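[1] Structure for this input, please:
(one chain, ligands or ions: 1)
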Amino acid sequence: MTDQVAQAGMSAIVTGGAKGIGLGIARSLAEAGYRLALWDIDGDALEAAAGELRTGGADVSVHRVNVTSTEDVQGAVAEFLAHTGRIDVLVNNAGIGGDKLVTKMALDFWQRVLETNLTSQFICCKAVLPVMVEQKFGRIVNLSSRAWLGNRGQASYSASKGGVVSFTRSLALEFARSGITANAIAPGIVETPLFGTLAPEVQQSLQRTVPMQRIGQAEDIANAVRFFASPASSYVTGQVLYVCGGRSLSSASV
Ligand code: NAD
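    Predicted coordinates:
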């Protein structure tokens, strides 16, 4: 994509940016010209990601951050702001899976998934919003999932991603007069290292559940993030964009 390019000096934070979809988003935003901050708990993967992006000429800061920690997040915001002077885009991508039937789900498992996937987005938004309000400009992009519609065996994950949708809609309303948009992306099945560990027959059966008959790539999600970050989406807020090959149209999993 070469049609959407950041204005000079624009900056973006990608949480969970060291691997998987987050790294795909980082590659795309770097290509668009954003100065980047990658936040992740995985220090080795962060360094590898930053090395790759810097080799391509990107301006990348890395921060070892646990997005569930207000202290970590506030420290990283201050450090990045000292470098860039502004924060234009926040992509709340960090997240964990959570497959367990409700009857077998311990309370601490439920809470960990909610905290990592939903509360973290509140913490990160709260830390950057004062900066965006001051700038009268901001783009918040929150990763939900097609699973927010409900998935058997994924009650905590689905609830966390449903919470992301409600949170995003509320943010959009609270900041609509401040030049700040907030939108969510709901990916379907995306090819990440975890997907690669599944048996070939499981991969194939999952692929057959996608109307387009292909598994999504990180780049598919990154293209949607780039749209929400760009001027092309300036009149779009509070929306959920499914990027799932039509899977949101299929009947429920049973
Ligand atoms: P991934 O596990 O490949 O990458 C997630 C990244 O987040 C990792 O680098 C991890 O270290 C980091 N992370 C996890 N917890 C963190 C924390 N507390 N603080 C900081 N960093 C943390 O996952 P992915 O598949 O790339 O998923 C990215 C996002 O997309 C998630 O929110 C996920 O729920 C969502 N999603 C993924 C899929 C899919 O099929 N892969 C589908 C729908 C939605």
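
[2] Quick check: residue 240 vs the ligand, distance?
    For residue 240, the distance to the ligand (Cβ to the nearest ligand atom, to the nearest Å) stands at 12 Å. C-beta coordinates here come from the backbone N, C-alpha and C atoms, glycine included.

[3] and that residue, what does it touch?
    Residues in contact with residue 240 (Cβ atoms under 8 Å, 6 or more residues apart in numbering) are 144, 165, 168, 183, 184, 185, 186.

[4] Reformat these as JSON lines; add neighbour count and distance to the ligand.
    Supplementary listing: the contacts of residue 240 in JSON lines, determined by neighbours: other Cβ atoms under 10 Å; distance: Cβ to the nearest ligand atom, whole Å:
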{"residue": "144", "neighbour count": "30", "distance to the ligand": "7"}
{"residue": "165", "neighbour count": "19", "distance to the ligand": "12"}
{"residue": "168", "neighbour count": "25", "distance to the ligand": "13"}
{"residue": "183", "neighbour count": "25", "distance to the ligand": "15"}
{"residue": "184", "neighbour count": "29", "distance to the ligand": "11"}
{"residue": "185", "neighbour count": "28", "distance to the ligand": "8"}
{"residue": "186", "neighbour count": "24", "distance to the ligand": "7"}
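
[5] Of the residues you listed, just say which sits nearest to residue 234.
    Of all the contacts of residue 240, residue 234 sits closest to residue 183, with 11.4 Å by Cβ to Cβ.

[6] So that closest one sits against residue 236, correct?
    Yes: distance between residue 183 and residue 236: 6.4 Å, which falls inside the contact criterion (Cβ atoms under 8 Å).

[7] circling back to that earlier point, take the contacts of residue 240 and write them to JSON lines, including pLDDT and secondary structure.
    Written out in JSON lines, the entries for the contacts of residue 240 read as follows (pLDDT from 0 to 100; DSSP: H, G, I helix; E, B strand; the rest coil):
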{"residue": "144", "pLDDT": "98", "secondary structure": "coil"}
{"residue": "165", "pLDDT": "98", "secondary structure": "helix"}
{"residue": "168", "pLDDT": "99", "secondary structure": "helix"}
{"residue": "183", "pLDDT": "98", "secondary structure": "strand"}
{"residue": "184", "pLDDT": "98", "secondary structure": "strand"}
{"residue": "185", "pLDDT": "98", "secondary structure": "strand"}
{"residue": "186", "pLDDT": "98", "secondary structure": "strand"}
